[in-house]
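Peer 1: Sequence first, then the predicted structure, then my questions.
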Amino acid sequence: MRKRFLFSMTSMLLLSVLLLAGCNSNKNAEGTGKVTLTFGTSQSGIPRTGIMQTMAKEYEQETGVKIDFQVVPDAQWRDLIKVKLASGEAPDIFNVDVDPLSMPANVRPEENAIDLTNEEFTGRMSEEILPTVSHNDKVYGVSFAPTKIWYVYYNKRIFADLGIEPPTTYAEFKAISQKIKDKDIIPFYQAPASGWYQVLPLFETGPNYEQKAAGTYEKLNNNEMKVADLTQLKTVIEQLKEFADLGYFGKDFLSNTVEAGIEAFGQEKAAMLLRVPGTEKEVSEAYPAMKDNMGFFVMPWGDNQTIGVNPGGSAAMFGNKNSKHPEEVLKFFRWITEHDHLQQVFDGGEGNLTICWPEIEPKLTQDYIDYEKNHEKGTVMQAAVKYIDPQWMDIGKDLSGMFAGAMTPDQILQNIDKRRAEQAKVLKDEKWQ
């Protein structure tokens, strides 16, 4: 009995010491402001230049609040963040690709995101981006997104040496790719391993579908037609398969990542790749010999000559509504959206020429201004048609399967329609009832 009593008293004493230590530790942490905020993002969700990490260190020096970046490969992030949100284990701050149609389903902001509607900085974001971070008249996200346009960038020197010009049709695209391949240069850099890159040609050229058959987007949204009925989309998928079969993506391209594309293009191992405006800066800084050696043109898949515009085609930051540090999250958002810090994000990024904050002057060159004047524009399909963007990574897997010979274009289209129907039923979309 005496031994049990002494053991019990010792245990209680030890427990008391631990509890006091814990309380003192918490008090010290709160007193000194030493809080760590977790920031979850995909690799492409923040600039590869490291500007966000640099600014986070500045913020820590100013406030004592640390930002712990948890960077996940692109191919895994979309599924992972959905699981974490559902389980209540999401980071304090999380990045999600946004557009007006998919954001509510992907984020479920009323359950998961801090309401930013009354924050001063939301009134300074561009009107074009606000719908992509808002739901039911409330603002939930912060974005630095440019108006996103994906162009085919090409090596001027290689084109000049081969006497070829930027193509305006698929037939021309195919012909110049063969000439490039004959010189043992990869014609077009493709990156299936990242999971999303190979999907771009299908939906960034969506305005071309709409132009050739007005009302296509509306019919798809009203479930009056199937994606499988889009013969132009099937043509684009078939053309991607043909490029792969002809070796225009290079050998063993299925293991290529987006990050490695800059190196392949900069070292002139690949003559073309898909990128956004500002690519010249990122490439020429890493490979000075490429300065003034880059041109661009719209994707000619399906004979497209329309510029596809995505007003919200980049990631946005959301504050976790269930975070233990909501006020610290808000303070970080307020800090990083101050004018000077917005300028710092813009200047230190990957060379983007615009940002969705009107107070920051854009850097569009005359080449882009003139090119846009000479081409029609339209909204990309994933930003205008429901239930496309949420299955982006699944479509990427299907395309990789097609490149490997395991799927056909028809099967890919059928899968897209099947997943659209499943998503519509989950969201109780009356058009699918």
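Peer 2: Right, received. Where do you want to start? Numbering: from 1, shown residues only.

Peer 1: which residue packs closest to L130, ignoring adjacent ones?
Peer 2: V139 (6.6 Å; Cβ to Cβ, 6 or more residues apart in numbering). Where you see a C-beta, it was placed from the backbone N, CA and C, and this is true even at glycine.

Peer 1: And the pLDDT at the closest residue to E376 other than its chain neighbours?
Peer 2: Leaving aside its sequence neighbours, E376 sits nearest to T306 (Cβ to Cβ, 6+ apart; 4.9 Å). With respect to pLDDT, T306 scores 97.

Peer 1: I'd like to check which residues are in contact with T306.
Peer 2: T205, P207, N208, Q211, V298, H375, E376, K377, G378 (Cβ atoms under 8 Å, 6 or more residues apart in numbering).

Peer 1: Looking at those, state which has the most neighbours.
Peer 2: Using other Cβ atoms under 10 Å as the neighbour test, the contacts of T306 are led by T205, with 27 neighbours.

Peer 1: Relative to S87, how far out is that residue?
Peer 2: 37 Å (Cβ to Cβ, to the nearest Å).

Peer 1: same thing with D340?
Peer 2: 38 Å.

Peer 1: again with L37
Peer 2: Where S87 is concerned, L37 sits at a distance of 19 Å (Cβ to Cβ).

Peer 1: Those two - which one has more neighbours?
Peer 2: Taking other Cβ under 10 Å, L37 and S87 do not tie; L37 has more neighbours (24 against 8).

Peer 1: ok, now which ones touch that one?
Peer 2: V65, K66, I67, D68, P91, D92, I93, S323, H325, E328, V329, F332.

Peer 1: which of those count as buried?
Peer 2: Among the contacts of L37, those buried by neighbour count (16 or more other Cβ atoms under 10 Å) are V65, I67, P91, D92, I93, S323, H325, E328, V329, F332.

Peer 1: Out of the residues you listed, name the two that are farthest from one another.
Peer 2: Farthest-apart pair in those is V65 and P91; separation 14.3 Å (Cβ to Cβ).

Peer 1: continuing past the strand or helix carrying D370, what's the next helix or strand?
Peer 2: Here D370, judged by DSSP states H and E, is contained in helix 366-373. Moving toward the C-terminus from helix 366-373, the next helix or strand (DSSP H and E) is strand 377-379.

Peer 1: what sits up against the helix or strand following that following strand?
Peer 2: Later in the chain than strand 377-379, the nearest helix or strand by DSSP H and E is helix 392-403. Contacts to helix 392-403, defined as Cβ under 8 Å, 6+ apart, come from residues 75, 78-79, 97, 192, 195-199, 202, 237, 240-241, 244, 253-254, 382, 407-409, 411-412, 415-416, 419.

Peer 1: ditto for stretch 317-336
Peer 2: 35, 37, 55, 59, 62-63, 65, 67, 88, 90-96, 107, 109, 111-116, 119-121, 140-143, 341-342, 345.

Peer 1: List the ones among these that fall in strands.
Peer 2: Residues of the contacts of stretch 317-336 located in strands (DSSP state E): L37, I67, I93, F94, N95, V96, G141, V142, S143.

Peer 1: From V345, how far off is the last one?
Peer 2: Going from S143 to V345 by Cβ to Cβ gives 11 Å.

Peer 1: what about the helices in the stretch 201-350 of the chain?
Peer 2: Counting by DSSP state H, counting those that start in this stretch, the stretch 201-350 of the chain has helices at residues 206-212, 216-221, 231-245, 259-266, 279-286, 326-336, 339-347.

Peer 1: list the contacts for E282?
Peer 2: Contacts of E282 by Cβ under 8 Å, 6+ apart are R48, T49, I262, E350, G351.

Peer 1: Among those, which has the minimum pLDDT value?
Peer 2: For those, the least confident entry is G351, with 81.

Peer 1: quick check, that one in a helix?
Peer 2: No. Secondary structure of G351 (DSSP: H, G, I helix; E, B strand; the rest coil): coil, not part of a helix.

Peer 1: what's it in contact with, if anything?
Peer 2: G278, T279, E280, K281, E282.

Peer 1: Identify, from these, the entry nearest to A175.
Peer 2: When the contacts of G351 are compared against A175 (criterion: Cβ to Cβ), the nearest one is T279, at 24.3 Å.

Peer 1: Quick one: residues contacting that closest one.
Peer 2: T279 neighbours (Cβ under 8 Å, 6+ apart): Y153, M294, F296, E350, G351.

Peer 1: Distance to V83 for those - can I get that in JSON lines?
Peer 2: Compiled in JSON lines, these are given as follows (distance: Cβ to Cβ, whole Å):
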{"residue": "Y153", "distance to V83": "35"}
{"residue": "M294", "distance to V83": "39"}
{"residue": "F296", "distance to V83": "38"}
{"residue": "E350", "distance to V83": "29"}
{"residue": "G351", "distance to V83": "33"}
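
Peer 1: Farthest-apart pair in those residues, please.
Peer 2: Among those, F296 and E350 lie farthest apart (Cβ to Cβ), at 15.3 Å.

Peer 1: just to revisit the earlier point, so who does the residue nearest to L130 touch?
Peer 2: D115, L116, T117, E119, T122, L130, V133.

Peer 1: residue ranges with poor pLDDT in the chain?
Peer 2: Where the chain drops to pLDDT under 70, the residues are 1-33, 312-313.

Peer 1: Spatially central residue for it, please.
Peer 2: S314 (4.5 Å; Cα atoms, centre = their mean).
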